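Peer 1: Quick one: sequence plus predicted model below, questions after.
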Amino acid sequence: MHPFKESIRFYARNIESLLLLSAVLVVPFFIIHNFTLNYLNLIAAITGAKFVASFFNLFLLLLFLLILQIPFAQYVQSDLDGDERPVRKAFRAFFEHSFSVFVFGIVFSFLVSAGMMLFMIPGLIILVLFYLTPFFVVLKKQSAWRSWRGALEMGKKHFLQIFGLLLLVSLVEWLISLAGLFLVTSITSTFGAVMFIELLLNVIVLPFFAVMFMMYVNKWKEEAAGAEAAVSGGLLLDER
């Protein structure tokens, strides 16, 4: 089955558990991001350093997004492996690997943010090539520093597909945020209401995107394994 269709079915089948993970883990990160961003925007408005505020907004967004992929990726993998307690494993994976992904994410987010703010294309290339690192952390059960090479290899082989998926994610996020903002501002303009709607949308949407990427990673991994097996089989026949 196509990974995108499988992602929709998986999300619908496991929506309660995924939303539980999202409510517990996404909400704190979202609140920290929003308040930090509002503080930076206030400083930027006073000092005129809007470039700095934009840079840190993108930096924090990428950093938090990288970390938050871990529990959802682990939940998907645990379910595919037939584990009876995927939620428990998801939380465990988050606490075991979040620090290494956090440290790796600082370097990753800085390079992507700097590249996109200054030259755009280098930042996009780094984003695509290393975006799958948290998923390989889950697959390999190793730190981000031992998993990024696998992400890089897959990023090279499926560069356009990953870029397309990231573009789709960005577009959907923008449209949902725009629709939510329009809906709220048509009723009230209070900051709390706008923030709540954005929070609710992120809690609902972010797990699906993580599930989708994990499905694609598994598909590409199986294809690579099948290709290697075919090559190995061909070599054995040639030797005979």
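Peer 2: Looks like it arrived, so ask away.

Peer 1: Now for the closest residue to Y11 other than its chain neighbours: which residues touch it?
Peer 2: If the residues on either side of it in the chain are set aside, Y11 comes closest to F208, at 4.9 Å by CB to CB, 6 or more residues apart in numbering. Placement of C-beta: from N, CA and C, glycine included. Residues in contact with F208 (CB atoms under 8 Å, 6 or more residues apart in numbering) are 7-8, 11, 18.

Peer 1: which among those gets closest to R85?
Peer 2: R85 lies nearest to L18 out of these, by CB to CB, at 14.7 Å.

Peer 1: ok, back up a step: torsion angles phi and psi at the residue nearest to Y11?
Peer 2: Phi and psi for F208, reported as degrees, to the nearest 10, are phi -60, psi -40.

Peer 1: try E84
Peer 2: Per degrees, to the nearest 10, the backbone of E84 is at phi -80, psi -20.

Peer 1: tally of neighbours for it?
Peer 2: 8 (other CB atoms under 10 Å).

Peer 1: before we move on, the earlier item: which one of the contacts of F208 has the most neighbours?
Peer 2: Using other CB under 10 Å as the neighbour test, these are led by L18, with 27 neighbours.

Peer 1: for that residue, what are its contacts?
Peer 2: Here L18 is in contact with 11, 72, 75, 207-208, 211 (CB under 8 Å, 6+ apart).

Peer 1: Among those, name the ones in helices.
Peer 2: Cross-referencing these against helices under DSSP state H gives 11, 72, 75, 207-208, 211.

Peer 1: ok, and what's touching stretch 212-223?
Peer 2: Outside stretch 212-223, the residues touching it (CB under 8 Å, 6+ apart) are 3-4, 6-7, 10, 69, 72-73, 76-77, 80, 132, 135-136, 138-139, 154, 157-158, 161, 165.

Peer 1: How about V76: what's its closest non-neighbour residue?
Peer 2: Once flanking residues are discounted, V76 sits nearest to M214: 4.2 Å by CB to CB, 6+ apart.

Peer 1: same question for the one helix or strand the one you found maps to, mean pLDDT?
Peer 2: Counting by DSSP states H and E, the element that carries M214 is helix 191-239. Regarding helix 191-239, the rounded mean pLDDT is 79.

Peer 1: coming back round to it: return the member of the contacts of L18 nearest to G150.
Peer 2: F72 (18.5 Å).

Peer 1: so that closest one makes contact with V203?
Peer 2: No - using CB atoms under 8 Å, F72 makes no contact with V203, being 11.9 Å away.

Peer 1: The two: which is more packed in?
Peer 2: Using other CB under 10 Å, the more surrounded residue of F72 and V203 is F72, with 30 against 19.

Peer 1: Thank you kindly, that will do.
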